[in-house]
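> Pasting the sequence and the predicted coordinates here, then a few questions.
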Amino acid sequence: MSLRQATVERNTKETQIKVSVNLDGTGELSTETGLPFLDHMLDQVARHGLIDITVKAVGDLHIDAHHTVEDIGITLGQAFNKALDRKGIRRYGHAYVPLDEALSRVVVDFSGRPGLEYHIPFTRGAVGGFDVDLFHEFFQGFVNHALVTLHIENLRGVNSHHQIETVFKAFGRALRMAMEIDPRSSDVIPSTKGSL
């Protein structure tokens, strides 16, 4: 099996971002983003997806975190798309993850078509000083550039930290399932069209 790794750099007037991924890693995360709560969420993706992720980001945080969060999502999506040969993968992945009172479901399809369904009824507007509206921007950036369809639903929850943490853990688990090589069709594109 070829190495499923990639590094992508994205530089704009608002952000300078470098992301590296190893899709067959051990769950190691290295981040320099200036956004501790986002780092905590990315750690969930790495750990539960068994993906090694390195993110170095410098952004206009003196304005707010919007550009940095969105551009990290974009660059991470680009890295996934570059690293993943869709031949032989399971393509679909899903996970339910609880954390105390919170429960979330994430379903992903490495379809080659970007699409996001995002339903998180947050109970407050910020967690650890992080504007929860920005999580939508992160996932929209990711799906647009990883070329995946992603359904995110927080089914219940009272604590906003628990709500979003269950989403990121389920996201990591769903990615891991979808990117896994299916030994029964390891040389086949998982589509009746023959391409993704």
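Received the coordinates, thanks. Residues are numbered from 1 along each chain as shown.
> Direction included, what does the helix or strand containing Asn154 pair up with?
Following DSSP states H and E, one finds Asn154 within strand 149-156. When sheet partners are counted by DSSP bridges, strand 149-156 sits next to strand 102-109 (antiparallel), strand 115-119 (parallel).
> Buried residues in that strand, which are they?
By 16 or more other C-beta atoms under 10 Å, the buried positions in strand 149-156 come out as Thr149, Leu150, His151, Ile152, Glu153, Asn154. In short, each C-beta sits where N, CA and C put it, glycine included.
> so, if you compare the residues you listed, which one comes nearest to Met41?
Nearest to Met41 among those is Ile152, at 12.6 Å by C-beta to C-beta.
> What is the neighbour count of the spatially closest residue to that closest one that is not a sequence neighbour?
Of all residues not flanking Ile152 in the chain, Tyr118 sits nearest, at 5.0 Å (C-beta to C-beta, 6 or more residues apart in numbering). Other residues lying near Tyr118 total 15 when counted by other C-beta atoms under 10 Å.
> these two touch, right, Tyr118 and Phe138?
No. The pair formed by Tyr118 and Phe138 falls short of the contact definition of C-beta atoms under 8 Å, at 10.2 Å.
> Would you mind extracting the C-alpha trace of the biggest helix by length in the chain into PDB?
When the chain is parsed with DSSP state H, its longest helix is helix 160-179. Only the C-alpha atoms of helix 160-179 are listed here, as PDB (Å, rounded to 0.1, in the frame of the first residue of the first chain):
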ATOM      1  CA  SER A 160     -21.800  23.000  24.800                       C
ATOM      2  CA  HIS A 161     -18.300  21.700  25.400                       C
ATOM      3  CA  HIS A 162     -19.700  18.100  25.500                       C
ATOM      4  CA  GLN A 163     -21.800  18.800  22.400                       C
ATOM      5  CA  ILE A 164     -18.900  19.800  20.200                       C
ATOM      6  CA  GLU A 165     -16.500  17.300  21.600                       C
ATOM      7  CA  THR A 166     -18.800  14.400  20.800                       C
ATOM      8  CA  VAL A 167     -19.000  15.800  17.200                       C
ATOM      9  CA  PHE A 168     -15.200  15.900  16.800                       C
ATOM     10  CA  LYS A 169     -14.700  12.500  18.300                       C
ATOM     11  CA  ALA A 170     -17.400  11.100  16.000                       C
ATOM     12  CA  PHE A 171     -15.900  12.900  13.000                       C
ATOM     13  CA  GLY A 172     -12.500  11.200  13.700                       C
ATOM     14  CA  ARG A 173     -14.200   7.800  14.100                       C
ATOM     15  CA  ALA A 174     -16.200   8.200  10.900                       C
ATOM     16  CA  LEU A 175     -13.200   9.300   8.900                       C
ATOM     17  CA  ARG A 176     -11.200   6.300  10.100                       C
ATOM     18  CA  MET A 177     -14.000   3.900   9.000                       C
ATOM     19  CA  ALA A 178     -14.500   5.600   5.600                       C
ATOM     20  CA  MET A 179     -10.700   5.700   4.800                       C
END
